[in-house]
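> please work out how this folds:
(one chain, ligands or ions: 1)
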Amino acid sequence: MTQKKLPDDLQLETLAVRVAVDKSPYGENSEALYLTSSFVQPDAASAARRFAGEEQGYTYSRFTNPTVTSMEQRLAALEGTEACLAASTGMGAILMLCMGLLKAGDHVICSQSVFGSTIKLIGGEFGKFGVETTFVSQTDLAQWKAAVRPNTKLLFAETPTNPLTDICDIRALADIAHNAGAVLAVDNCFCSPALQQPIKYGADLIIHSGTKYLDGQGRVMAGAICGSREMIDGKFVPVLRSAGMTLSPFNAWVVLKGMETLGIRMQAHCAAALELATWLSKHPKVGRVYYPGLSSHPQHELAMRQQSGLGGAVVSFDVKGADPAELRKNAFHTIDQTLVCSITANLGDTKTTITHPASTSHGRLTEEQRQAAGIGQGLIRVAVGLDAVVDIQNDLLRGLDTL
Ligand SMILES: *Cc1c(COP(=O)(O)O)cnc(C)c1O
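Now for the predicted structure:
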């Protein structure tokens with residue numbers, strides 16, 4: 001069947017529902033799910049050309065599958081990058097990033113506030129293979145600059161951070177990276193391209209955990225790297241082909257359909273989060289509230305500039321208490337009185353989730369490391385879903401009003 005070619009000047013909302021590979025001869029309106037491990041070749045010579053990369057064509061789903069390609073094309077369109085390569089999980093994408101860019105003797109500069117498994121992977125696993133990493137403050141540019149060495153190849157940041165929502169200046173980090181002859185990779189999981197397109201601020205590579213807002217409904221694991229065609233094809237496709245951190249077509253399809261509602265979901269998530277954060281900051285049992293959309297946030301202006309004027313959907317707050325033991329007791333009480341919120345460390349779901357970072361996501365840190373990171377025993381993180389805000393407020397009041 002003849003395919004209509006999309007015009008070049010479409011808006012993000014339209015790209016999110018339209019970009020995909022060509023339809024099959026059946027003309028399906030919702031993108032097809034190609035659950036197949038391999039593809040039949042027209043003849044031996046075509047097979048040879050395709051395996052040699054001389055001719056386009058699907059061969060084997062470890063590295064080529066049309067459903068996965070649709071997801072990659074759609075995410076690249078939303079991020080404003082030339083290309084995208086999917087991975088099995090967000091961590092799989094970061095593994096692919098490091099394997100594609102780094103070798104023994106190279107140096108990495110990484111924010112100390114990135115996702116815990118990212119710290120373990122880059123600092124720990126790649127440390128075993130002779131890659132050295134310096135962890136620096138998320139917001140102190142002088143530390144990033146001072147950490148640069150002749151062998152620095154990669155700067156890695158995530159913004160906002162989890163759970164304290166510290167914002168880094170992507171443009172400033174891109175300048176530091178490029179002056180050092182290195183590349184900047186930004187984990188854009190918390191904002192998604194609906195709020196923030198790091199490529200516009202000079203980032204070279206964008207990392208995604210599709211498990212979060214891209215799927216948006218807590219169903220599948222997925223990940224991706226977005227960047228230039230040259231870097232994706234030159235550095236990362238060979239890694240994927242050999243190492244096989246492949247996204248399943250089914251998961252790719254779920255994320256592909258999830259992206260269709262990303263824009264309106266993010267608007268709703270952010271509006272609810274701002275309302276909740278504003279309300280929390282007035283409650284007598286609540287100490288500090290961490291949310292980039294509040295004017296009290298230390299990087300509020302930067303966040304508004306970099307994130308399309310929206311604060312994201314993760315709100316953290318300290319319950320009050322006299323000492324670490326009481327803080328922990330009060331935080332546990334508040335969490336345990338909820339009847340609606342899901343007690344789980346995931347985020348980016350339609351269902352609002354609540355968690356105690358000091359004993360879960362950051363439980364492996366020592367008390368000193370936690371103090372340095374500002375994650376106290378009274379801290380609670382709420383990843384605001386699509387529940388009605390009033391129901392979440394009432395849910396939190398069950399605990400806050402009985403402290
Ligand atoms: C969840 C998460 C990851 C890892 O993604 P998975 O899909 O769970 O492997 C990476 N970065 C951030 C910021 C995350 O929240």
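> all strands for the protein, in order.
83-87, 107-111, 132-136, 152-158, 183-187, 205-209, 223-227, 286-290, 314-319, 342-343, 353-355, 379-383 (DSSP state E).
> in its sheet, what does the fourth one sit against?
By that I understand strand 152-158. Using DSSP bridges, the strands paired with strand 152-158 in its sheet are strand 107-111 (parallel), strand 183-187 (parallel).
> again with the third one
Strand 132-136 has its sheet partners listed here by DSSP bridges as strand 107-111 (parallel).
> most tightly surrounded among the strands paired with strand 152-158?
strand 183-187 (a mean of 25; mean count of other C-beta atoms under 10 Å). C-beta coordinates here come from the backbone N, C-alpha and C atoms, glycine included.
> can I get it in PDB? Just the C-alpha atoms.
Extracted C-alpha coordinates of strand 183-187, given in PDB (Å, rounded to 0.1, in the frame of the first residue of the first chain):
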ATOM      1  CA  VAL A 183      30.600  14.100  25.500                       C
ATOM      2  CA  LEU A 184      27.700  14.900  27.800                       C
ATOM      3  CA  ALA A 185      25.100  12.300  28.400                       C
ATOM      4  CA  VAL A 186      21.900  13.300  30.200                       C
ATOM      5  CA  ASP A 187      19.500  10.900  31.800                       C
END
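> let me know the angle separating it from strand 223-227.
On the basis of axes from the mean of the first three to the mean of the last three C-alpha atoms, to 10 degrees, strand 183-187 is oriented at 140 degrees to strand 223-227.
> per-residue pLDDT, the residue of the stretch 301-403 of the chain found nearest the ligand?
Taking C-beta to the nearest ligand atom as the measure, the stretch 301-403 of the chain has Leu347 as its residue closest to the ligand, at 6.5 Å. With respect to pLDDT, Leu347 scores 95.
> how about it, nearest residue that isn't a chain neighbour?
Leaving aside its sequence neighbours, Leu347 sits nearest to Ala383 (C-beta to C-beta, 6 or more residues apart in numbering; 3.4 Å).
> okay, and the beta partners of the one you found?
Here Ala383, judged by DSSP bridges, has bridge partners Val314, Thr353.
> okay, it: pLDDT?
Value for Ala383, per-residue pLDDT: 98.
> for the chain, what's the longest helix?
Selection of the longest helix in the chain by residue count, based on DSSP state H, yields helix 262-280.
> quick revisit: the strands paired with strand 152-158: which one's closest to the ligand?
Comparing these by their distance to the ligand (C-beta to the nearest ligand atom), the top pick is strand 183-187, with 4.8 Å.
> run through the residues that contact the residue of the stretch 301-403 of the chain closest to the ligand.
Asn162, Phe190, Lys212, Ala313, Val314, Thr353, Ala383 (C-beta atoms under 8 Å, 6 or more residues apart in numbering).
> on that earlier part again, distance check, the residue nearest to Leu347 against Thr67.
28 Å (C-beta to C-beta, to the nearest Å).
> quick check: the closest residue to Phe156 other than its chain neighbours vs Ile119, distance?
Leaving aside its chain neighbours, Phe156 sits nearest to Cys110 (4.4 Å; criterion: C-beta to C-beta, 6+ apart). Separation of Cys110 from Ile119 (C-beta to C-beta) stands at 7 Å.
> quick one: contacts for Pro357?
The contact partners of Pro357, by C-beta under 8 Å, 6+ apart, come to Asn162, Pro163, Ser316, Ile375, Leu379, Arg381.
> CSV please, covering the contacts of Leu347 and showing neighbour count and distance to Gly124.
Formatted as CSV, those follow (neighbours: other C-beta atoms under 10 Å; distance: C-beta to C-beta, whole Å):
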residue, neighbour count, distance to Gly124
Asn162, 23, 19
Phe190, 25, 23
Lys212, 21, 23
Ala313, 32, 30
Val314, 25, 25
Thr353, 20, 27
Ala383, 29, 26
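> farthest pair in the residues you listed?
Greatest spacing in the contacts of Leu347, by C-beta to C-beta: Phe190 and Thr353 (13.7 Å).
> returning to that earlier point: my guess is the residue nearest to Phe156 contacts Lys120. True?
No - judged on C-beta atoms under 8 Å, Cys110 makes no contact with Lys120 at a distance of 11.4 Å.
> how about the spatially closest residue to Ser117 that is not a sequence neighbour, what does it touch?
The shortest distance from Ser117 to any non-neighbouring residue, by C-beta to C-beta, 6+ apart, is to Met91 (5.4 Å). Contacts for Met91 (C-beta under 8 Å, 6+ apart) come out as Ser117, Thr118, Leu121, Ser209, Gly223.
> go on, Thr261?
Counting by C-beta under 8 Å, 6+ apart, Thr261 has contacts Ala16, Gly216.
> next: Val17.
So Val17 contacts Glu260 (C-beta under 8 Å, 6+ apart).
> near the ligand, which residues of the stretch 51-200 of the chain are found?
The interface of the stretch 51-200 of the chain toward the ligand, taken as C-beta under 6 Å from any ligand atom, is made up of Thr89, Gly90, Met91, Phe115, Thr118, Glu158, Asn162, Asp187, Cys189, Phe190.
> quick check, pLDDT for the third one.
When you say that, I think you mean Met91. So Met91 comes in at 97 (pLDDT).
> quick one: Gly263 and the ligand, what's the gap?
According to C-beta to the nearest ligand atom, to the nearest Å, Gly263 stands 20 Å off from the ligand.
> tell me how many other residues surround that residue.
21 (other C-beta atoms under 10 Å).
> same question, Lys103
By other C-beta under 10 Å, neighbour count at Lys103 equals 10.
> for whichever residue of the stretch 51-200 of the chain sits closest to the ligand, which non-adjacent residue is closest in space?
Per C-beta to the nearest ligand atom, Gly90 is where the stretch 51-200 of the chain lies closest to the ligand, at 2.2 Å. With C-beta to C-beta, 6+ apart as the criterion, Gly90 has its nearest non-adjacent residue at 2.6 Å, and that residue is Ser209.
> which residues touch that neighbour?
Thr89, Gly90, Met91, Ala93, Asp187, Cys189, Ala222, Gly223, Gly348 are the contacts of Ser209 under C-beta under 8 Å, 6+ apart.
> can you give me the distance of the second one to Gln393?
Same thing as Gly90. From Gly90 to Gln393 the distance is 31 Å (C-beta to C-beta).
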